[in-house]
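[1] Dropping a prediction and its sequence here:
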Amino acid sequence: MPTARVWHEIFEAVRFFAIATLVLLGITAFVLTWLTRRLLLPIRQLAVEADKISTDSWNFHAPANSKRLVELRPLASAIETSMERLQRSFEQQRRFTSDAAHELKTDLAIIKSSLQLLGMKRQTVPEYEQGVSLGLVDIGRLEMTVQKMLTLARLEQTPRDKHQSCDLTEAVLEAIAQSQPFADFKQVKIAERVLEGDAAVPVSKEDAILLCSNILVNALQHSPSHKVVEVTMIREQGCVSLRIRDHGVGIAQEDQPFLFDPFYRGDVSRSRKTGGAGLGLSISKAICDRAAGKIAIANHPEGGLRRKRIACDFEE
């Protein structure tokens, strides 16, 4: 039988299926490209918003499309959270620089004015001696502020030695001994209840004493005369906790978010005479953060705004 017609039909069928396949592939490629672009649109919008971030503008708001997609929602939330943390960090650094410059400028202005007063007219020997003595006091305060700034910078920038540790009980007792003259001057009694035995924490002894001294002095500064500052150490759930409680005026609600900010002084301790430079609690927090510990300040529930408690927790 003749096969020409059969081969003709076969060729026509092959040509038809080849053309149909190419057409379907083209349509499929177009549809896939369109779908891919549409599905990747939230990622592009997220990238565009992230590209707008600069040192002058840290505002980042994830597009609504990225938040609607389950797959992109964790990424968008993570970027927003990271940008908020970075923004707070940069704002804190800028505020620290501004406050440090203000504090140092104030101390230098006091020293300069004291020396100018001495040079305005001839003074007697006792007056010169008194002026020099006041100048030395001002220089000492300036030196102390600089030393605290250097300590805070060291704690924030130097990595912690994972092998260092100390007995927190010894650090607390030594801090109490150092602060006793100030407590006697304030006519405040220090009542301690420390742990017996080893209370090892991942902090160097120098930093542990500095931590305990800072928060103890803070409690003494805000405690009225003839009151008691309670120093208590407990062990619970694998942590060593140091809690210091005073009977002062407590913490105002508006001051609580800023207590650990450098150079911040609440309304009760704004003066230089009682409030210091405002770096003690910042240094204490840096020590706790460096050791993966926690520090918190709150008004005691039993005393409302009449008592304040500082708690430091370290894992054993």
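    Arrived safely, thanks for sending. Bear in mind that the values here come from a model prediction, so they are computed numbers and not experimental data.
[2] for Ile297, phi and psi?
    Taking degrees, to the nearest 10, you get phi -130, psi 130 for the backbone angles of Ile297.
[3] what about it, distance to Pro257?
    Per Cβ to Cβ, to the nearest Å, Ile297 is found 11 Å from Pro257. Any C-beta I mention is one placed from the backbone N, CA and C, and that applies to glycine too.
[4] Tell me which of these two has more neighbours.
    Ile297 (19 against 9; other Cβ atoms under 10 Å).
[5] doesn't Ile310 make contact with the more buried one?
    Yes - using Cβ atoms under 8 Å, Ile297 makes contact with Ile310 at a distance of 5.1 Å.
[6] burial measure for Lys105, as a count.
    Lys105 has 10 neighbours, counted by other Cβ under 10 Å.
[7] Let me see the confidence value for it.
    Listed pLDDT for Lys105 reads 83.
[8] Return the distance of it relative to Gly140.
    17 Å.
[9] Also Cys166?
    As for Cys166, its distance to Gly140 is 29 Å (criterion: Cβ to Cβ).
[10] neighbour count winner among the two?
    A count of neighbours by other Cβ under 10 Å puts Cys166 above the other of Cys166 and Gly140, at 18 against 11.
[11] For the residue nearest to the more buried one when sequence neighbours are not counted, give me its contacts.
    Spatial nearest neighbour of Cys166, excluding adjacent residues (Cβ to Cβ, 6 or more residues apart in numbering): Lys205 at 4.0 Å. Applying Cβ atoms under 8 Å, 6 or more residues apart in numbering, we find Lys205 in contact with Cys166, Asp167, Glu170, Ala171.
[12] Retrieve the pLDDT associated with the first one.
    In this model, Cys166 is scored at 87, pLDDT.
[13] oh, and call the first residue 19 from now on, that's how I've got it
    Yep, numbering from 19; the last one is Cys184 now.
[14] Any idea which helix or strand in this structure has the lowest mean pLDDT?
    When the helices and strands of the chain are compared on mean pLDDT, DSSP states H and E, helix 290-293 comes out lowest with a mean of 50.
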